[in-house]
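Asker: Pasted the sequence and its predicted model underneath.
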Amino acid sequence: MATAHPSTAQPTPFTRTAAPDAAMTTTAAILEARDLTKRYRLGATTVDALRGVSLTVGEGEFVALMGPSGSGKSTLLNLIAGLERPDAGRIVVDGVDMRTLDDDAATVFRRERVGFVFQSFHVLPYLSVADNVALPLALAGRRDDARTRAMLDAVGLGDRGASLPRELSGGELQRVAIARALVHAPRLLLADEPTGNLDPESAAQVIALLRDCVKANGATALLVTHSHAAASAADRMMALTARGVQAAPAVRRA
Ligand code: ADP
């Protein structure tokens, strides 16, 4: 198992960006990305994964980001999460300029302020459902069984805490992942194709649940998806293209 960072009862006090430049300042933005570029080099070949991408997500918003395969969606999520660093540009998450964090601080920041939901669930097969959900709290040194139970109830799995992941369907596993992503009350939830492995009926249920849980927990969400049906659950839909991020046509919630 990965090494837990030192136990802390209180969230780590990250320094809020003291004086963001005017272009970065938005009322209560939880995520501000400005002019991001990322180029990968593979031998003599270079790939421009992102060329000058900017995106702002306000507090409490649920924003969907669509775009064709290869348009840089996963790269953008990795940069926002501090898993990779941009070649140029700036990212501020919950008032913290990601450039000010070294790798260890970025890890702690992610554990405390960010939740993740992935296409392939990423549940640990040898842990019970309840222990999977409790993992972010355990890693932060603040186990809270009542909170874990409340999140299991919120995703409709209150009676499945003792089950092992192999006993659950794909839709149920993604509900476990949603509970895990929000159990530590992150400010920002990042979801990467969360319905990509689900049948249409389960996908619709999971995306509605994700939205409800994000809103109920006062979180902000950025959802990356290919699926128009999934994106239609969002407050706002954006498209990532070679020209950057642009507003996508308005969507009506079903
Ligand atoms: P999307 O998530 O929209 O499918 P990605 O962010 O995965 O797009 O990829 C954007 C581009 O960057 C693609 O051309 C991809 O091949 C390239 N790319 C992504 N990650 C790497 C990497 N680690 N090394 C080399 N190229 C990469």
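Answerer: Looks like it arrived, so ask away. Note that this is a predicted model, so its numbers are computed, not measured.
Asker: Next, A44: phi, psi?
Answerer: phi -80, psi -10 (degrees, to the nearest 10).
Asker: what's around it, how many residues?
Answerer: For A44, the neighbour count with other Cβ atoms under 10 Å is 5. The way it works is simple: take the backbone N, C-alpha and C, and place the C-beta from them, glycine included.
Asker: Next, the contact list for it, please.
Answerer: Applying Cβ atoms under 8 Å, 6 or more residues apart in numbering to A44 gives no contacts.
Asker: State the distance from it to G70.
Answerer: If you measure A44 against G70 using Cβ to Cβ, to the nearest Å, the figure is 20 Å.
Asker: One more: H226?
Answerer: Counting by Cβ to Cβ, the gap from H226 to G70 is 12 Å.
Asker: Would you double-check that R147 falls in a helix?
Answerer: Yes. The assignment for R147 (DSSP: H, G, I helix; E, B strand; the rest coil) places it in a helix.
Asker: From start to finish, how long is stretch 93-102 in a straight line?
Answerer: One end of stretch 93-102 sits 15 Å from the other (Cα to Cα, to the nearest Å).
Asker: Quick one: distance of it to the chain centre.
Answerer: 16 Å (Cα atoms, centre = their mean, to the nearest Å).
Asker: And stretch 98-108, by the same measure?
Answerer: When C-alpha coordinates are averaged (Cα atoms, centre = their mean), stretch 98-108 and its chain have centres 17 Å apart.
Asker: neighbours around R99, how many?
Answerer: 13.
Asker: same deal with E84?
Answerer: Quick note: E84 (other Cβ under 10 Å) scores 15 neighbours.
Asker: Ramachandran coordinates for it?
Answerer: phi -140, psi 160.
Asker: For the spatially closest residue to S74 that is not a sequence neighbour, which residues are in contact?
Answerer: Sequence neighbours aside, D192 is the residue nearest to S74 in space, at 6.3 Å (criterion: Cβ to Cβ, 6 or more residues apart in numbering). Shown in contact with D192 (Cβ under 8 Å, 6+ apart): K73, S74, L77, F116, V117, F118, Q119, V224.
Asker: Bridged to the one residue sitting closest to the centre of the chain, which residues?
Answerer: By Cα atoms, centre = their mean, the chain has its centre lying nearest to L190, at 1.2 Å. Beta-bridge partners for L190, by DSSP bridges, are F116, L222.
Asker: go on, V245?
Answerer: Beta-bridge partners, per DSSP bridges, of V245: L240.
Asker: Make sure it is actually in contact with M237.
Answerer: No. When contacts are counted by Cβ atoms under 8 Å, V245 is not listed as touching M237 (10.9 Å).
Asker: Settle it for me: which of these two has more neighbours?
Answerer: V245 (23 against 20).
Asker: Tell me how far that one lies from L31.
Answerer: Distance of V245 to L31, given as Cβ to Cβ: 12 Å.
Asker: Give me the common contacts of these two.
Answerer: L55.
Asker: Contacts for the strand or helix carrying L55, please.
Answerer: Counting by DSSP states H and E, the element that carries L55 is strand 45-58. Contact partners of strand 45-58, identified using Cβ under 8 Å, 6+ apart, comprise 26-41, 63, 65, 72, 75-76, 79, 86, 89, 188, 220, 222, 238, 240, 242, 244-245.
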